[in-house]
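K.L.:
Okay, structure incoming, though there's no sequence with it:
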């Protein structure tokens, strides 16, 4: 096996491991939020997307400053890719729309997108503060 093939296989296993752990963490986090705050509005999915965005921002900065980019397949693609999920976000938005809850759907989309972008920026800002 060539070195590039071995590296690709290693990256693939890293993504698979990270994805399994991330999806499990998404399930547990989402269920925890539902247990704490109840059903009705998809706060569990908002929580994982915002938390995942924060962690992505923090990891990007940390990896760049500490030479950890080789962990990107495990952390960014695998774990955070499995932890956050746009397909679940889209489904929840459509479910709210189909129930005629357009205001809730709009609020959900706005909070999810703005919250995730803000959390990513916050993660980057806080991590840069720790590294400098």
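P.N.:
On my side now, so go ahead. These numbers were taken from a predicted model, which means no experiment stands behind them.
K.L.:
Show me the longest helix that occurs in this structure.
P.N.:
The residue-count maximum for a helix in the chain (DSSP state H) belongs to helix 3-37.
K.L.:
average pLDDT for that helix?
P.N.:
Across helix 3-37, pLDDT averages out at 95.
K.L.:
burial measure for the closest residue to residue 34 other than its chain neighbours, as a count.
P.N.:
Once flanking residues are discounted, residue 34 sits nearest to residue 44: 5.0 Å by Cβ to Cβ, 6 or more residues apart in numbering. The way it works is simple: take the backbone N, C-alpha and C, and place the C-beta from them, glycine included. Using other Cβ atoms under 10 Å, residue 44 has 22 neighbouring residues.
K.L.:
For the helix or strand containing residue 44, buried residues please.
P.N.:
Taking DSSP states H and E as the definition, one finds residue 44 inside helix 43-66. Buried positions in helix 43-66, judged by neighbour count with 16 or more other Cβ atoms under 10 Å: 43-63.
K.L.:
what does stretch 7-23 give?
P.N.:
Across stretch 7-23, burial judged by 16+ other Cβ under 10 Å covers 11, 14-15, 18-19, 21-23.
K.L.:
got a markdown table for the residues you listed, with distance to residue 125 too?
P.N.:
Converted to a markdown table, the buried residues of stretch 7-23 look like this (distance: Cβ to Cβ, whole Å):
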| residue | distance to residue 125 |
| --- | --- |
| 11 | 29 |
| 14 | 27 |
| 15 | 28 |
| 18 | 24 |
| 19 | 27 |
| 21 | 26 |
| 22 | 23 |
| 23 | 28 |
